[in-house]
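Student: predicted model and sequence follow; I will ask about them next.
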Amino acid sequence: MQEKFTDYLLRSGKEYWERYLQHPFVQGIGDGTLDTASFRYYMCQDYVYLIDYAKLYAYGVIKARDLHTMELFSTVTEGLLHTEMELHRQYAARFGITREELEQTEPAPMNLAYTKYMLSVAQTGSLAELVACLLPCIWGYAHIGKRLAEAGLPESQPLYHDWIRMYASEEMDEMASQMASLMDELAAGISVAERKVLEKHFIITTKFEYMFWEMAYHQQVWPI
Ligand SMILES: Cc1ncc(C[n+]2csc(CCO)c2C)c(N)n1
């Protein structure tokens, strides 16, 4: 039997997934040693990231070729805007971050490059190209959540427990497998050249995910 396209993608991104787990930001959440100032910065940057992220799913509704896929993207858009963003605000409040602070966050250069890359693909590419960009965000977090939860929640920092639990949850796994099945459906019968385009988007966004950890760890700001 031919290898699934998503298995092929997983293989081509494997070295990066391991690098995520070794990143000091991720390790610091896992063992509770991450400076809460870095985490606060991350929460603010992630909030503005999620706004564009919701738009990507809205593009999915537009690009879908069948009603079932439109429903899937519409459900995720709705969930992001009405549930996840609210959870994010509530969680941020526990770090003393107000809604105003979240909303006034100026995206750092890396954040902007990452979201605008995906939005550009969403606007000009196919649904398959968009899904190739979305997979690393979901797979990466599900992978990290699961591995950190397996290692045990950090006793020294209870504030990080909910973050780990959220990404280690069954819902996250389910979403990851839904998107993977869609990727496989969309990639069925495409040419080698088209596969290469999808792989390129997948690897670029996989790298951007790593750079987002890097950005948050160093609390990067515009240099000028
Ligand atoms: C930079 C960045 N990348 C990925 C995620 C993870 N994420 C955001 S929404 C979502 C799906 C749940 O509907 C997932 C997995 C994040 N938070 N921030």
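Tutor: The structure has been received and is ready for your questions.
Student: just the buried residues of stretch 81-89, please?
Tutor: Residues of stretch 81-89 classed as buried: Leu81, Met85, His88, Arg89 (neighbour count, 16 or more other C-beta atoms under 10 Å). Any C-beta I mention is one placed from the backbone N, CA and C, and that applies to glycine too.
Student: check which helix or strand the third one maps to.
Tutor: Of the helices and strands defined by DSSP states H and E, His88 is found in helix 85-93.
Student: what lies in contact with that helix?
Tutor: Identification of contacts with helix 85-93 by C-beta atoms under 8 Å, 6 or more residues apart in numbering yields 43-44, 46-47, 50-51, 54, 99, 101-102, 162-163, 166.
Student: ok, and of the residues you listed, which contact the ligand?
Tutor: Asp46 (C-beta under 6 Å from any ligand atom).
Student: gap between the host helix or strand of Met211 and the chain center?
Tutor: Element membership for Met211 (DSSP H and E) is helix 192-217. Between the centre of helix 192-217 and the centre of its chain there are 11 Å (C-alpha atoms, centre = their mean, to the nearest Å).
Student: in this structure, what residue lies closest to the ligand?
Tutor: When scored by C-beta to the nearest ligand atom, the chain has Cys137 as its residue closest to the ligand, at 3.5 Å.
Student: from Leu153, how far off is that residue?
Tutor: Distance from Cys137 to Leu153, counting by C-beta to C-beta, to the nearest Å: 23 Å.
Student: who's more crowded, these two?
Tutor: Taking neighbours as other C-beta atoms under 10 Å, Cys137 and Leu153 compare with Cys137 leading, 21 against 16.
Student: assign the more buried one to helix, strand or coil.
Tutor: helix (DSSP: H, G, I helix; E, B strand; the rest coil).
Student: ok, how many other residues are close to the closest residue to it other than its chain neighbours?
Tutor: Excluding the flanking residues, the one nearest Cys137 by C-beta to C-beta, 6 or more residues apart in numbering is Glu209, at 6.4 Å. A total of 22 residues lie near Glu209 under the criterion other C-beta under 10 Å.
Student: dump the residue contacts of Glu209.
Tutor: With contact set as C-beta under 8 Å, 6+ apart, Glu209 has these partners: Tyr16, Tyr20, Pro136, Cys137, Gly140.
Student: what's the pLDDT at Val131?
Tutor: pLDDT for Val131: 98.
Student: what strand or helix carries Arg19?
Tutor: helix 5-22.
Student: pull out the buried positions in that helix.
Tutor: Judged by neighbour count (16+ other C-beta under 10 Å), helix 5-22 contains these buried residues: Phe5, Thr6, Tyr8, Leu9, Leu10, Gly13, Trp17, Tyr20.
Student: got it, and stretch 202-209?
Tutor: Phe202, Ile203, Ile204, Thr205, Thr206, Phe208, Glu209.
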